[in-house]
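A.B. asks: Curious how this folds, go ahead:
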Amino acid sequence: MTTETLHRSLAARRASGVTWARIRPLVIHVLLAGSALVMLYPVIWMVVSSLRPGNEIFRDPGILIKDLRIENYRVGWHALTEPFTRYLLNSGIVVLGSILGNLVSCSMAAYAFARLEFAGKKFWFAIMLLSIMLPIHVVIVPQYILFSNLGWINTVLPLIVPKLLATDAFFVFLMVQFIRGIPRELDEAARIDGCGKASIFLRIILPLMVPALATTTIFTFIWTWNDFFSQLIYLTDPHMYTVPVALRSFVDSTSSSSWGSMFAMSVVSLVPVFLAFLLGQRFLIKGIATTGIK
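C.D. replies: A predicted model of the protein is given here:
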């Protein structure tokens, strides 16, 4: 191979390398956009279906609207025994109670596991971790019997009161890991200034736990708002239905189902979840990213 041929070969390789370096970001963006479209297609189809006549929803899998039907939202809002406002309010009460319960109880339990010394601490911490792997179907029957004896069926108490007892072990573990990353020197300095365990928790630990508390709030909101199984078990009175249970009422196995209205109300039910994630995304990422740092 002559020197001139070698130079030409090297020049061609450099040119191809430069060309690929320019094309590579475009290819990556196209692939990411295509993947995002595939993942978002079910949501887009649901929104489009909420604006279609009921007899056209399952005929056309596309996302183009030929016959716009906004009345699906008006009909769906008053299609059940109660206006959909009632179900949104019921879900809001359950979500708010669950968030407050988790923030108060899980933060205190996490502080005890992370900072305090008591008999059987490691044993009870292991039991707490094991409870994460316990399916809800294992405990739902004894819980139902207990709440039924207390007369709590068809109330929001079975959905809120357990949150006040730090039953969500995932959030306890999340906060324990976060508190372990807070320097103990802060506790010692506060103790020298005369603070007790409660004062250290309220004045030192709790203000520094804002990212973990925000993560707990967002996850609790999303999980409770979308919870169907436990709400279906404890709430049988249509007046007490939450949004997931109310949406199930649109599907009738014995007669025709109002698909357009159901999709319309499904879109409405997604708005609070979308806003919660959108507004709290920064805290969510920060809380998860800093959980394991020590």
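A.B. asks: which residues sit in contact with the residue nearest to Tyr241 when sequence neighbours are not counted?
C.D. replies: Counting by CB to CB, 6 or more residues apart in numbering, the nearest residue to Tyr241 once its immediate chain neighbours are dropped is Tyr87, at 5.4 Å. C-beta here means a position set from N, CA and C on the backbone, and glycine is covered the same way. Contact analysis of Tyr87 by CB atoms under 8 Å, 6 or more residues apart in numbering lists 80, 241-243, 245-246.
A.B. asks: Point me to the residue sitting closest to the centre of the protein.
C.D. replies: Ile222 (3.2 Å; CA atoms, centre = their mean).
A.B. asks: my guess is it meets Leu278, correct?
C.D. replies: No. Using CB atoms under 8 Å as the test, Ile222 is too far from Leu278 to be in contact (11.9 Å).
A.B. asks: picking up where we left off before, the residue nearest to the centre of the chain: what secondary structure?
C.D. replies: Put simply, Ile222 is helix when judged by DSSP: H, G, I helix; E, B strand; the rest coil.
A.B. asks: same deal with Glu82?
C.D. replies: coil.
A.B. asks: What separation do you get for it and Val104?
C.D. replies: For Glu82, the distance to Val104 (CB to CB, to the nearest Å) stands at 31 Å.
A.B. asks: and if you look at Ser131?
C.D. replies: For Ser131, the distance to Val104 - CB to CB - is 19 Å.
A.B. asks: tell me the domain ranges of this structure?
C.D. replies: 3-69, 82-291 (automatic domain parsing).
A.B. asks: got CSV for these, with mean pLDDT too?
C.D. replies: Shown next, in CSV, are these (pLDDT from 0 to 100):
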stretch, mean pLDDT
domain 3-69, 75
domain 82-291, 88
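A.B. asks: and these, which is most packed in?
C.D. replies: domain 82-291 (a mean of 17; mean count of other CB atoms under 10 Å).
A.B. asks: mind checking how far that domain is from the chain centre?
C.D. replies: 10 Å (CA atoms, centre = their mean, to the nearest Å).
A.B. asks: residue ranges of the helices in the protein, please?
C.D. replies: 3-49, 71-77, 84-115, 121-132, 136-149, 157-160, 169-180, 184-192, 197-200, 206-208, 210-226, 229-234, 243-249, 259-289 (DSSP state H).
A.B. asks: Out of these, which gets nearest to Pro61?
C.D. replies: helix 3-49 (7.2 Å; CB to CB).
A.B. asks: Please name whichever of the domains of the chain is nearest to Gly76.
C.D. replies: Using CB to CB, the nearest of those to Gly76 is domain 82-291, at 3.2 Å.
A.B. asks: Which pair in the contacts of Tyr87 has the greatest spatial separation?
C.D. replies: Leu80 and Thr242 (12.4 Å).
A.B. asks: Please report how far Lys197 lies from Asp187.
C.D. replies: Taking CB to CB, one finds Lys197 at 9 Å from Asp187.
A.B. asks: Identify the contacts common to those two.
C.D. replies: Common neighbours of Lys197 and Asp187 (CB under 8 Å, 6+ apart) are Arg115.
A.B. asks: For my notes, please list the domains of the chain in TSV and give distance to Gly76 for each entry.
C.D. replies: Output for the domains of the chain, formatted as TSV (distance: least, CB to CB, whole Å):
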stretch	distance to Gly76
domain 3-69	8
domain 82-291	3
